[in-house]
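Peer 1: Okay, predicted coordinates and the sequence, questions at the end:
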There are 2 protein chains.
Amino acid sequence: MKLKTLYSFFGTDLDIIEEELKRITASNYPLITEASLELIEAGGKRIRPVFVLLSAMFGAYNIDVVKHVAVALETIHMASLVHDDVIDDADIRRGKPTIKAKWNNRIAMYTGDYLLASSLVAMTNIENPEAHKILSKTMVEVCLGEIEQIKDKYNYEQSLRTYLKRIKRKTALLIAVSCQLGAVSAGASEDLHRKLYWFGYFVGMSFQITDDILDFTATEKELGKPVGSDLLQGNITLPVLFAMKDADIRAEIEKVSAETTADELKPIVEKIIRTDAIEKSYALSELYLEKAFAILKYLPRGRAKSTLSSIAKYIGKRKF
Amino acid sequence: MKLKTLYSFFGTDLDIIEEELKRITASNYPLITEASLELIEAGGKRIRPVFVLLSAMFGAYNIDVVKHVAVALETIHMASLVHDDVIDDADIRRGKPTIKAKWNNRIAMYTGDYLLASSLVAMTNIENPEAHKILSKTMVEVCLGEIEQIKDKYNYEQSLRTYLKRIKRKTALLIAVSCQLGAVSAGASEDLHRKLYWFGYFVGMSFQITDDILDFTATEKELGKPVGSDLLQGNITLPVLFAMKDADIRAEIEKVSAETTADELKPIVEKIIRTDAIEKSYALSELYLEKAFAILKYLPRGRAKSTLSSIAKYIGKRKF
């Protein structure tokens, strides 16, 4: 089953968001419009807009209001992807050349800045001052997360706690805030948007852990980039941290540096897969999902709740 | 006379802004705090905060409100400087190594992102939705201006119009919006903040043209960077456009590329200075100042107006 079928009942509301994404990122500059459009059309799961819409259903759902929040969160996400590719020196994402590869780092930097600024323009349609505060603070946290990620590259001394804090900032926070702001913008109660925040947070943690596992276990075709890209770029993820408990494998992993080639990495990736690191990582991902389900119990019944539940289940099982 | 003596009557209000700048950019990350602090302590003229404060005097001046606007505009300005240095591959600014030189392009990219996000956090203290709309749209324009600047590098076919549009986005807009938002946040009438916007716009145009002239006429010590840096980095400024009216000089200027060294540039800079390009550039700068003074006439009398007038005069005469 495809993820999209879970929320097909949104019908044209999802098309409205796609149109709004294109509208807000269009400029008089062919280069920037082309780069943004390419990012939009590359697709992606649109997980953040979907969480915004579903959470808004716990209040007074109005697509003409909530679409701005959905677009703001997706453009922040897109901006962070573009800047990430500069940091990671990544040439391929979702099977396509990245902006920094197709043009260069400078264009990527400004396309990211432009997307970030566009997200603010989208948000100015929302009058609630609390929503602005939440989003601004999230942007600061996301930036700090990226700085943390640079600092921790090829750092094999980092703890599980460091990893969890990093993926919170990198992924979980933006999904948590998608749920929270969807509810806030629809005028849902504070109790509801706090619960939705934590649901999003736990789902986000599980989502990123699964992503980090798939970087080792999926195929290059499924990933749209080479297997083991994270480690090659110096990003120490959960499977690596677990695999390093074995002293022999640790010694091999510690040799990975910015100079390591994809071919040199292959035998190390194979060794990591053969440990219990993948299994242990799945167990932690599962633990976060259970926390998400525990919160769902306290939300009012209805299609929004059942869909959030289906998406959480899907995320736990997804293969790519 | 120093610029600062013109607005010394603000007394501790300027210290409050310095403190707020430090507070808003402080983080748990030594690296990012250090980089931001270095930028803050490098000083700069704080022209944008001063325009915010002076414009707020046309309404109900309250430092505890207006300081947030001042800090928001200065942090956006700082963010654009950091990203500019990446674009320009600049190693020195105000006589000190740039963030990209001291650390690297990636750290500079995220320090800029972080400063941008911090400016939003500062603005969340302002409840006026119009203020947010104005700032967001300005950020988009500033980003588009930077993209334009990349596109126009070493492009000797550009027109005067292209140059003016670029410096509008690069400089004049942020000064215009400093004036506008100072007045908006102090509850001044729409008529007043529109006039202040245009005053800031014209002063900003003059300011940037003078900056572009000084890049040729000031000394390396005064500039804090080598003479002719703009042209060396491929930024075609007003004196260059005027000098290119001479076919011989044009032929020499057109040879300047990303490979040109500072030594190779020297004789070209000397030739440009010997044309009437500097004089013509000053005349255009003067024209913008006159437009600024024309608007000032329609503003209510008082210390704010007389100080704006003195600053505009200073900008017209400054030597570095």
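Peer 2: Thanks, I have the structure now. On a predicted model such as this, the values are computed, not experimentally measured, just so you know.

Peer 1: what residue is smack in the middle of chain A?
Peer 2: By CA atoms, centre = their mean, chain A has its centre lying nearest to A:T171, at 4.4 Å.

Peer 1: Kindly indicate whether it is helix, strand or coil.
Peer 2: Recorded secondary structure, A:T171: helix (DSSP: H, G, I helix; E, B strand; the rest coil).

Peer 1: tell me which element the closest residue to it other than its chain neighbours falls in.
Peer 2: Sequence neighbours aside, A:Q208 is the residue nearest to A:T171 in space, at 4.0 Å (criterion: CB to CB, 6 or more residues apart in numbering or on different chains). (Each C-beta comes from the backbone N, C-alpha and C, glycine too.) A:Q208 is located in helix A:190-217, with elements delineated by DSSP states H and E.

Peer 1: Next secondary structure after that helix?
Peer 2: helix A:220-223.

Peer 1: which strands and helices sit next to that following helix?
Peer 2: helix A:190-217 (3 or more CB pairs under 8 Å, 6 or more residues apart in numbering or on different chains; DSSP states H and E).

Peer 1: Now find how far off-centre the helix it packs on is within its chain.
Peer 2: Chain-centre distance of helix A:190-217: 9 Å, with CA atoms, centre = their mean, to the nearest Å.

Peer 1: One more: stretch A:262-272?
Peer 2: Using CA atoms, centre = their mean, the offset of stretch A:262-272 from its chain centre is 26 Å.

Peer 1: How about the contacts made by the residue of the stretch 151-300 of chain A found nearest chain B?
Peer 2: Relative to chain B, the nearest point of the stretch 151-300 of chain A is A:K151 (6.8 Å; CB to the nearest CB). A:K151 sits next to B:Y29, B:L31 when contact means CB atoms under 8 Å, 6 or more residues apart in numbering or on different chains.

Peer 1: show me the contacts for A:L164.
Peer 2: Here A:L164 is in contact with A:M205 (criterion: CB under 8 Å, 6+ apart).

Peer 1: and the stretch 51-200 of chain A, which of its residues are near chain B?
Peer 2: A:83, A:86-87, A:105-107, A:109-114, A:116-118, A:120-121, A:123-124, A:127, A:129, A:132-133, A:135-137, A:139-140, A:142-144, A:146-148, A:150-151 (CB under 8 Å from any CB of the partner chain).

Peer 1: What subset of those residues is buried?
Peer 2: With burial judged by 16 or more other CB atoms under 10 Å in any protein chain shown, the buried subset of these is A:83, A:86-87, A:105-107, A:109-114, A:116-118, A:120-121, A:123-124, A:132, A:135-137, A:139-140, A:142-144, A:146-148, A:150-151.

Peer 1: coming back round to it: was I right to think the residue nearest to A:T171 contacts A:R169?
Peer 2: No - contact status for A:Q208 versus A:R169: not in contact, 10.3 Å apart, counting by CB atoms under 8 Å.

Peer 1: Those two: who's more crowded?
Peer 2: Neighbours per residue (other CB atoms under 10 Å in any protein chain shown) separate A:Q208 from A:R169, with A:Q208 holding more: 23 against 20.

Peer 1: which neighbours does the helix-or-strand element of chain A with minimal mean pLDDT have in its sheet, and in what orientation?
Peer 2: Within chain A, confidence by mean pLDDT, DSSP states H and E is lowest for strand A:92-93 among all helices and strands, at a mean of 76. The pairing partners recorded for strand A:92-93 under DSSP bridges are strand A:96-97 (antiparallel).

Peer 1: Run the chain-centre distance for the strand it pairs with.
Peer 2: Here the centre of strand A:96-97 is set off from its chain's centre by 18 Å, with CA atoms, centre = their mean.

Peer 1: Stretch A:18-32 too?
Peer 2: Relative to the centre of its chain, stretch A:18-32 is centred 22 Å away, using CA atoms, centre = their mean.

Peer 1: Please write out the alpha-carbon positions of that stretch in CSV.
Peer 2: Taking Å, rounded to 0.1, in the frame of the first residue of the first chain, the C-alpha atoms of stretch A:18-32 are listed here in CSV:
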residue,chain,number,x,y,z
GLU,A,18,0.9,21.9,-4.3
GLU,A,19,-0.3,25.0,-6.1
GLU,A,20,0.3,27.2,-3.2
LEU,A,21,3.9,25.8,-2.9
LYS,A,22,4.5,26.7,-6.5
ARG,A,23,2.9,30.2,-6.2
ILE,A,24,4.9,31.2,-3.1
THR,A,25,8.2,30.1,-4.5
ALA,A,26,7.7,31.6,-7.9
SER,A,27,9.9,34.7,-8.6
ASN,A,28,11.0,36.8,-11.5
TYR,A,29,14.2,34.9,-11.5
PRO,A,30,14.2,32.0,-13.8
LEU,A,31,17.1,30.4,-11.9
ILE,A,32,15.5,30.5,-8.5
